[in-house]
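Asker: fold the following and give me the result.
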Amino acid sequence: MKKTILGLSVLVALASTQAMAQDGTWYASGAIGQSECRYTNVCDFPGVDKKSTSVNAAVGYNFTKIVAVEAGYFDMGKSKFSGSNGNFDVKAQGPQISVIVSAPVADAFSFYGRLGFARTDRKGSYCVYAYGICGPFSDKKSEALYGVGLGYAFTNKLTGTLEYQKLDNSDVTSINIGVRLSF
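Answerer: Now for the predicted structure:
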């Protein structure tokens, strides 16, 4: 999967211009979608609620019609488990910075790839009933963030997006629908 996403990103980088993008413009974006925890030994237990709501907000700058840089904040939602032996919940959120490369597909459609860096704050709580142990946990990880998406330019200022994203180390994925407003 990683090689496929990397290959698509390289292909996008070699392609021509993004539909409706303009050199030297700023944009703001927001998205909402569904995330899924795939973290081994955490989210692979039977009964774990792996899916949650994800949200993203960012600002970016189009250097060219192909290349943009974006900084923002993401919240990948929460995974939960509750059973007769105990319970836990864990969530992943934090800031990100990404390079976006785009290529047109048709008049108003474009594909894009994302490769970035995220500083993920993973927080949660747990209880093991048999031992009477309960408490919070937290750690921060620096990790790769990558994705691929499709954009549709409604106007030269407003673009709708559909994107798949993955946090590499936390092993959380999301599919989001969003908007990008250029100014």
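Asker: who's in contact with Ala57?
Answerer: For Ala57, the contacting residues are Ala28, Ser29, Gly30, Ala31, Gly72, Tyr73, taking C-beta atoms under 8 Å, 6 or more residues apart in numbering as the criterion. For every residue, glycine as well, the C-beta is placed using N, CA and C.
Asker: which of those residues are buried?
Answerer: Ser29, Ala31, Gly72 (16 or more other C-beta atoms under 10 Å).
Asker: picking that back up, make CSV out of the contacts of Ala57 and add secondary structure and distance to Lys65.
Answerer: Output for the contacts of Ala57, formatted as CSV (DSSP: H, G, I helix; E, B strand; the rest coil; distance: C-beta to C-beta, whole Å):
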residue, secondary structure, distance to Lys65
Ala28, strand, 19
Ser29, strand, 17
Gly30, strand, 22
Ala31, strand, 22
Gly72, strand, 21
Tyr73, strand, 26
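Asker: and which of those residues is nearest to Ile100?
Answerer: Ser29 (9.9 Å; C-beta to C-beta).
Asker: in terms of contact, does that closest one touch Glu70 like I think?
Answerer: Yes. Assessed by C-beta atoms under 8 Å, Ser29 is found in contact with Glu70 at 7.4 Å.
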